[in-house]
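*Asks:* Make a model of this:
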Amino acid sequence: MLQLIDAIPLALLFAIIVTAILTVEIKKLMYAVISFCLMSIAIGCLYAYLGALTVAFYQIIVYAGAVGVLFIFAVMLTTGGSKVEKA
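*Replies:* Sure thing, here's the model as predicted:
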């Protein structure tokens, strides 16, 4: 029988796998970015569970924060130019 201490990494691994698949398979780019951010946070939580707090901190700050925001700005800037009206 699984104890709570064994269920935490299994739940995190399940969340990582599901969000990684969703990141690749989702057609809407904004939802894929959100899924990528959730995947990065889950990976950071797994690092924190394993005791690597510095790596977990940088994983969440750099990937979920900086790369996620960069993707969001890229999506906002590239999709805004596609609404050109013909005169």
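*Asks:* got the buried residues for stretch 12-21?
*Replies:* Using 16 or more other C-beta atoms under 10 Å as the test for burial, stretch 12-21 gives 12, 15-16, 19-20. (Each C-beta comes from the backbone N, C-alpha and C, glycine too.)
*Asks:* Looking at these, which is nearest A48?
*Replies:* Of all these, A48 sits closest to L12, with 9.7 Å by C-beta to C-beta.
*Asks:* element containing that closest one, please.
*Replies:* helix 4-25 (DSSP states H and E).
*Asks:* what mean pLDDT does that helix have?
*Replies:* What helix 4-25 shows for mean pLDDT is 91.
*Asks:* who does that helix touch, helix- and strand-wise?
*Replies:* helix 29-50 (3 or more C-beta pairs under 8 Å, 6 or more residues apart in numbering; DSSP states H and E).
*Asks:* any weak-confidence spans in the protein?
*Replies:* Applying pLDDT under 70 to the chain picks out residues 1-2, 4, 79-87.
*Asks:* is it true that I43 touches I17?
*Replies:* No - I43 is beyond contact range of I17, at 11.1 Å (criterion: C-beta atoms under 8 Å).
*Asks:* In contact with the closest residue to A20 other than its chain neighbours, which residues?
*Replies:* The shortest distance from A20 to any non-neighbouring residue, by C-beta to C-beta, 6 or more residues apart in numbering, is to M39 (5.4 Å). Listed by C-beta atoms under 8 Å, 6 or more residues apart in numbering, the contact set of M39 reads 15-16, 19-20, 23.
*Asks:* All set now, cheers.
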